[in-house]
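*Asks:* 3D model of this:
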Amino acid sequence: MDKRRALHWAWVILGICFVNLFINYSVRLGYGVVLPEMIRTLGFSRAAAGSIINSLLFSYICIAPITGYVTDRIGARPVITCCLVILGCGVFFMGTVHALWTSCLFFGIVGLGATGLWGPVITLVQRWFAFHRRGFALGILSTGYGLGFATVGTVFPRIVDLFSWRHAWFFLGGLALLMAIANALFLRNDPENAGWQPWGLKEEPSGNVNTGAKPGQVKVPLAALFKNSRFWLIGLSYFAIAYSLYAITTFMVDYAKFQLELPLEQASFLATIHGIGQIVGVLTVLPLSDYLGRKKTIIISNSLITAALAGILIAGDSWIMLCVFIGCLAIFYGATFPIYGACAGDYFPREAMATVIGAWTPFYGAGAILTHWISGILRDKTGIYNQSFLICMIMAGLAVLIITRLKKADA
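*Replies:* Predicted coordinates for the structure are as follows:
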């Protein structure tokens, strides 16, 4: 029976998970903001800089499927808490690096910790909110990473000016370790076993009924999941859109500073625009997906991402146009990852959500890793990012074509 209290515990879960995403994406997206200073002081090439972020992504995609499966077996609370400790330690030690190998090592540890701060987080939130409220809840949740990007775009340059880029990592690492304590104290794995019903519950559609089963009681049919064509279509589209988005996100400050020759403060302002755009996107596009459906929303979103990438190429050295197209891209960037994650709850059994999200992670990670290597190498060889961004535009268009093949959930 649902407890009658002024505050439903789902909102406590949502608030804590919001901060988790804020920290996780401040770390991941903040790398692109401090990158120009790391390149300058440590003497790294762009290809080397791509290798550092790829070390995070490589450990992430290797471990995330396991993390997702373990989350379905033992619950999100211990997984998220342990991963915050690992991430916090890795981020803190990023402030001590002087060589490429230590940068890759510590960012790889960050990636290990990050495995518990996406799939398990959005799985936990989806379990605490009713089926027809998931887009709404994920929209609020996902403002965490948009706010994180907007914050680092404003705060990191000031930290660099007053101290150094190393102190930016020290600050975020300490914050992650503090949040590990909050997660251990306040998270709950499942509403029913904590004495609640999912917030907004009226009548769940068939296939999404809450069973009240404890983690590990329901066996996840892995073989059946991997034979499902929906799993592969969504995963391949995820790969293509991740490729298209990550090069822009990681290298846009470097692009503005060195190719357009803008000062760091102005170039970093693109990160703030990007973060604000993400917040707008998750608060509008994700709730809209509850009514339009995930497939239709993904098609519209990926199509507009393709158009925004074309606009960035056309903008050239026009600062105003670049800001406009980065903002447009960010609106749909912010909604992209939670919408793909919500597909796990829409197209697959509730008990397998974290497993499915984790199993999609290698698709996402492979796209992000390839775009960093290819974009970094092309930039080193040509001295510009134009070819890299053109490939990103093509991949976004491919993501649209793949998702159009997805059949309805009730087909």
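*Asks:* rest of the way, CA atoms for contacts and neighbours
*Replies:* OK.
*Asks:* give me every residue that touches the spatially most central residue of the chain.
*Replies:* Nearest residue to the geometric centre of the chain (CA atoms, centre = their mean): residue 337, 5.8 Å. By CA atoms under 8 Å, 6 or more residues apart in numbering, the contact list for residue 337 is empty.
*Asks:* Is it in a helix, a strand, or coil?
*Replies:* Under DSSP: H, G, I helix; E, B strand; the rest coil, the three-state class of residue 337 is helix.
*Asks:* Touching, residue 151 and residue 272? I think so.
*Replies:* Yes: under the criterion of CA atoms under 8 Å, residue 151 makes contact with residue 272 at 6.7 Å.
*Asks:* higher neighbour count, those two?
*Replies:* Neighbours per residue, other CA atoms under 10 Å: of residue 151 and residue 272, the larger number sits with residue 272, 22 against 18.
*Asks:* That one sits in which helix or strand?
*Replies:* Per DSSP states H and E, residue 272 falls inside helix 264-292.
*Asks:* go on, residue 389?
*Replies:* Using DSSP H and E, residue 389 sits within helix 386-403.
*Asks:* Which other helices and strands does that helix contact?
*Replies:* In terms of contacts (3 or more CA pairs under 8 Å, 6 or more residues apart in numbering; DSSP states H and E), helix 386-403 is packed against helix 229-254, helix 294-315, helix 353-382.
*Asks:* As TSV, those with distance to residue 282 and mean neighbour count would be great.
*Replies:* Shown next, in TSV, are the helices and strands packed on helix 386-403 (distance: least, CA to CA, whole Å; neighbours: other CA atoms under 10 Å):
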stretch	distance to residue 282	mean neighbour count
helix 229-254	16	24
helix 294-315	12	20
helix 353-382	19	23
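*Asks:* Identify whichever of those lies nearest to residue 186.
*Replies:* Closest to residue 186 of those is helix 353-382 (CA to CA; 20.1 Å).
*Asks:* Run the angle between that closest one and helix 386-403 for me.
*Replies:* 150 degrees (axes from the mean of the first three to the mean of the last three CA atoms, to 10 degrees).
*Asks:* Any stretches of the protein with poor pLDDT?
*Replies:* Within the chain, the segments meeting pLDDT under 70 span 1-6, 131-132, 134, 145-146, 149, 202-224, 345, 350, 408-411.
*Asks:* in the longest helix along it, what counts as buried?
*Replies:* Secondary structure assigned by DSSP state H gives helix 9-42 as the longest helix of the chain. The neighbour-count check on helix 9-42 (16 or more other CA atoms under 10 Å) flags 9-10, 13-14, 16-38 as buried.
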